[in-house]
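>>> sequence first, predicted coordinates after that:
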Amino acid sequence: AHGGTIQPATLEELAKENRTGNGFVDRLLFVWPDGLGKPEWTDSPMPDSLPAEYREGIARLNGLSFADAGSPHVLRPTRAAWAALRAFFNDENKPLCDAAESELLAGIYGKFDVHAIRLSLILHLLAWAFSGRETPPGEVQESTARDAVALARYFRAEAEKVYHRLHNANPADRLPKDRQAIYEALPAEFRTAEAVSIAAKQGMPERSLKAWLKDRNLFEKMGHGLYAKAL
C-alpha cells in the first residue's frame with residue numbers, strides 16, 4: 001500500500017513504459033472516491049489523547065523484534081479465518097480472473113489473493129498495537145480475515161477504476177466533471193453562441209470556452225462559428 005496523492009494525469013505518466021504490462025501498477029492499492037467535494041471547515045478539535053495514543057501504537061509496532069535466533073514470528077490463521085480467505089480466493093477472485101476481459105485485468109485481480117493475506121496481517125497487528133496486550137496473539141481470527149476480505153473488495157473496485165481510466169477511457173472521460181457535463185450537454189453539431197450558453201450554466205467563462213473549442217481531440221471546426229463533437 002502506498003500513501004500520498006496522484007493526479008489522474010500523473011497516474012497516466014506512471015503507467016507508461018510498460019509499467020502496466022509488467023505488473024508494477026498491479027502492486028499498488030488505490031483510493032479513488034467518487035463525487036468528493038471540499039469539506040467544510042470545522043471547529044471540532046482533535047481529542048488531546050489521540051496523538052499520544054497513535055505514537056504509542058506505532059512505537060509498539062516498530063519495537064517488534066525477531067523471534068529466537070533471528071527468525072521471524074509466524075502468524076497463522078485459525079481454521080475459520082483460513083476458510084474465509086479461501087472462499088475469497090476460490091469462489092470470488094478466481095472467477096473474476098478467469099473471466100477478465102484482458103490479461104492485464106486478470107493480473108490485477110490475481111494480486112488480490114496476496115493483498116487479502118497482507119491486509120489480514122496488517123489488521124491483526126494494528127489491533128494488537130492499540131490493545132495494550134504485551135505480545136501479539138499468534139493466530140489471525142476469522143473476524144480479522146473477513147475485515148481483510150472486505151478491504152480487498154474495496155481496493156479491487158478502486159483498481160478497476162484505475163484500469164478503465166488507463167486502458168478504456170476516451171479523452172472525454174478524462175475531463176474534469178464540470179467539463180464532462182458541458183461536453184455531454186452539447187449537441188453533435190453546435191454554434192459558438194449555443195456552446196457559450198451551455199458552458200455558462202456550468203460557470204465556464206466565454207473566453208475559456210472558446211479556448212477549449214480549439215482542442216481537436218474533442219471538437220472539429222465545421223465552418224465559421226460551427227463545431228462538431230469529435231467523440
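Alright, I've got the coordinates.

>>> how many residues are close by residue 187?
Residue 187 has 12 neighbours, counted by other CB atoms under 10 Å. Where you see a C-beta, it was placed from the backbone N, CA and C, and this is true even at glycine.

>>> same check, this time on residue 104
Neighbours of residue 104 using other CB under 10 Å come to 16.

>>> looks like it contacts residue 163 (just checking).
Yes. Contact criterion CB atoms under 8 Å: residue 104 and residue 163 qualify, at 6.9 Å.

>>> which stretches of this structure have low pLDDT?
For the chain, the stretches flagged by pLDDT under 70 are 1-10, 12-23, 35-36, 168-169.

>>> show me where it has strands.
For the chain, the strands defined by DSSP state E cover 76-77, 139-140, 189-191, 219-223, 226-229.

>>> ok, residue 97 touching residue 111?
No. Counting by CB under 8 Å, residue 111 is not a contact partner of residue 97; they are 10.0 Å apart.

>>> more crowded one of those two?
The neighbour comparison of residue 97 against residue 111 (other CB under 10 Å) goes to residue 111, with 21 against 17.

>>> distance check, that one against residue 105.
Note on residue 111: its distance to residue 105, by CB to CB, to the nearest Å, is 11 Å.

>>> just to revisit the earlier point, mind checking which of the strands of the chain is nearest residue 51?
Within those, the stretch nearest residue 51 is strand 139-140; the backing value is 28.7 Å (CB to CB).

>>> for this structure, which segments are assigned as helices?
Applying DSSP state H to the chain gives helices spanning 8-14, 49-62, 79-87, 94-99, 103-129, 142-167, 177-185, 192-200, 206-212.

>>> list the buried residues for stretch 77-89?
Residues of stretch 77-89 classed as buried: 77, 81, 84-85, 88-89 (neighbour count, 16 or more other CB atoms under 10 Å).

>>> now do stretch 125-136
Buried-residue list, stretch 125-136, by 16+ other CB under 10 Å: 125, 127-129, 136.

>>> list the beta-bridge partners for the residue nearest to residue 213 when sequence neighbours are not counted.
Leaving out its chain neighbours, the residue that sits closest to residue 213 by CB to CB, 6 or more residues apart in numbering is residue 219, at 5.2 Å. Beta-bridge partners for residue 219, by DSSP bridges, are residue 229.

>>> my read: residue 219 touches residue 226, true?
No. Look at residue 219 against residue 226 with CB under 8 Å: they stay out of range, at 10.7 Å.

>>> tell me which of those two has more neighbours.
In terms of neighbours (other CB under 10 Å), residue 219 is the more surrounded of residue 219 and residue 226; the figures are 19 against 12.
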